[in-house]
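Colleague: just coords:
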């Protein structure tokens with residue numbers, strides 16, 4: 001958007017490519033952060049900065065399936081390292097960090113660069129109500145294609161960051177901006193329901209509902225869980241009581257999350 005003199009803040013869109021899916025044991029092989037200016041009130045995006053991108057040697061061979069998806073090879077990362085100081089300088093001016101699937105990126109970044117734990121986070125995949133606007137997938141490449149009528153080289157961190165910002169800046173037919181809806185969600189916070197001690201026979205039911213499994217290795221409950229807006233909690237509790245505990249007394253737990261801790265495995 002053209003500069004209209006509105007009060008602005010800086011956000012940082014980040015993405016990582018990794019050797020696998022488990023932040024506790026896998027490693028980052030590429031990091032990228034792209035800063036952008038946005039309006040405090042309406043979420044309009046005014047300017048997009050330069051990407052800060054690094055490869056990093058994980059100290060072990062990159063699995064073949066990761067090479068196939070990302071195109072990143074052992075030769076590309078050999079001897080390479082993320083410049084911690086440069087990332088910290090870039091992050092210092094940001095009021096918000098976001099990623100497309102922040103629940104994946106945040107744990108990796110907090111482990112590798114603990115400074116990311118001190119910032120509020122938001123997620124372009126789950127904090128924009130894409131399905132309410134008719135999109136039946138939340139994958140970044142799908143949304144960029146369907147919502148923006150564009151395509152790009154997915155699964156490279158720098159390309160994913162620019163694509164994510166473009167997605168958030170592209171209005172819906174109603175005129176609403178995805179980034180404005182994301183900011184509203186981040187400011188409201190969320191509630192997490194832990195389906196503690198739910199019987200194993202309902203695991204597919206919970207998974208189909210959108211619950212995620214946590215194996216307990218991070219000192220959080222070994223349980224299925226789901227994050228949701230506060231206004232949905234009462235309805236979800238009723239559903240969980242009826243469908244998650246068909247043969248036993250409900251034992252779910254409720255946890256309030258704000259943007260400082262949401263998507264982190266520290267809570």
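Modeller: Nice, I can see it. These figures come from a predicted structure and were not determined experimentally. Numbering: from 1, shown residues only.

Colleague: contacts, neighbours, all on C-alpha from now
Modeller: OK.

Colleague: could you tell me how many residues sit around the residue nearest to residue 165 when sequence neighbours are not counted?
Modeller: Leaving aside its sequence neighbours, residue 165 sits nearest to residue 13 (Cα to Cα, 6 or more residues apart in numbering; 7.2 Å). Residues near residue 13, counting by other Cα atoms under 10 Å, number 27.

Colleague: what residue ranges in this protein score low on pLDDT?
Modeller: Of all residues in the chain, none has pLDDT under 70.

Colleague: before we move on, back to that, what's the spacing between the residue nearest to residue 165 and residue 166?
Modeller: The gap separating residue 13 from residue 166 is 11 Å, by Cα to Cα, to the nearest Å.

Colleague: please apply the same query to residue 204.
Modeller: Taken as Cα to Cα, the span from residue 204 to residue 166 is 35 Å.

Colleague: so which of the two has more stuff around it?
Modeller: Neighbour tally, residue 204 and residue 166, criterion other Cα under 10 Å: the higher count belongs to residue 166, 16 against 11.

Colleague: could you list every helix and strand in contact with the helix or strand harbouring that one?
Modeller: Using DSSP states H and E, the element containing residue 166 is helix 157-169. Under the contact criterion of 3 or more Cα pairs under 8 Å, 6 or more residues apart in numbering; DSSP states H and E, helix 157-169 touches strand 8-18, strand 28-39, helix 140-148, helix 178-188.

Colleague: please redo it, this time with the cut-off set to 10 Å
Modeller: strand 8-18, strand 28-39, strand 45-48, strand 52-55, strand 96-99, helix 140-148, helix 178-188 (3 or more Cα pairs under 10 Å, 6 or more residues apart in numbering; DSSP states H and E).

Colleague: quick check: buried residues in that helix?
Modeller: Counting neighbours by 16 or more other Cα atoms under 10 Å, one finds that the buried residues in helix 157-169 are 157-158, 160-169.

Colleague: off-centre distance for that helix?
Modeller: 13 Å (Cα atoms, centre = their mean, to the nearest Å).

Colleague: between it and strand 28-39, how big is the angle?
Modeller: Per axes from the mean of the first three to the mean of the last three Cα atoms, to 10 degrees, the angle that helix 157-169 makes with strand 28-39 is 30 degrees.

Colleague: and helix 157-169 with helix 140-148, angle?
Modeller: 30 degrees.

Colleague: identify each buried residue in stretch 175-191, please.
Modeller: If you call a residue buried by 16+ other Cα under 10 Å, then stretch 175-191 has these buried ones: 177-183, 185-186, 189-191.

Colleague: any chance of those residues in CSV, plus distance to residue 145?
Modeller: Formatted as CSV, the buried residues of stretch 175-191 follow (distance: Cα to Cα, whole Å):
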residue, distance to residue 145
177, 17
178, 15
179, 17
180, 20
181, 20
182, 20
183, 23
185, 24
186, 25
189, 29
190, 29
191, 31
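
Colleague: not counting residues beside it along the chain, what's closest to residue 227?
Modeller: Here the residue nearest residue 227, using Cα to Cα, 6+ apart, is residue 192, at 4.3 Å.

Colleague: are we agreed that that neighbour is in a strand?
Modeller: Yes - under DSSP: H, G, I helix; E, B strand; the rest coil, residue 192 falls within a strand.

Colleague: what does whatever helix or strand residue 226 lives in contact?
Modeller: Residue 226 belongs to strand 223-228 when assigned by DSSP H and E. With contact meaning Cα atoms under 10 Å, 6 or more residues apart in numbering, strand 223-228 is reached by 126-127, 185, 189-198, 203, 206-207, 209-216, 233, 236, 252-257, 262-263.

Colleague: buried subset of those residues as a PyMOL selection?
Modeller: Of the contacts of strand 223-228, the buried ones can be selected in PyMOL as follows, counting by 16+ other Cα under 10 Å:
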select buried, resi 126+127+185+189+190+191+192+193+194+195+196+197+198+203+206+211+212+213+214+233+252+256+257+262+263
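
Colleague: burial count for residue 86?
Modeller: Neighbourhood size, residue 86 [other Cα under 10 Å]: 11.

Colleague: my guess is it meets residue 52, correct?
Modeller: Yes - here residue 86 reaches residue 52: they are 8.2 Å apart, a contact under Cα atoms under 10 Å.

Colleague: now, the most widely separated pair of the buried residues of helix 157-169?
Modeller: Farthest-apart pair in the buried residues of helix 157-169 is 157 and 169; separation 18.7 Å (Cα to Cα).
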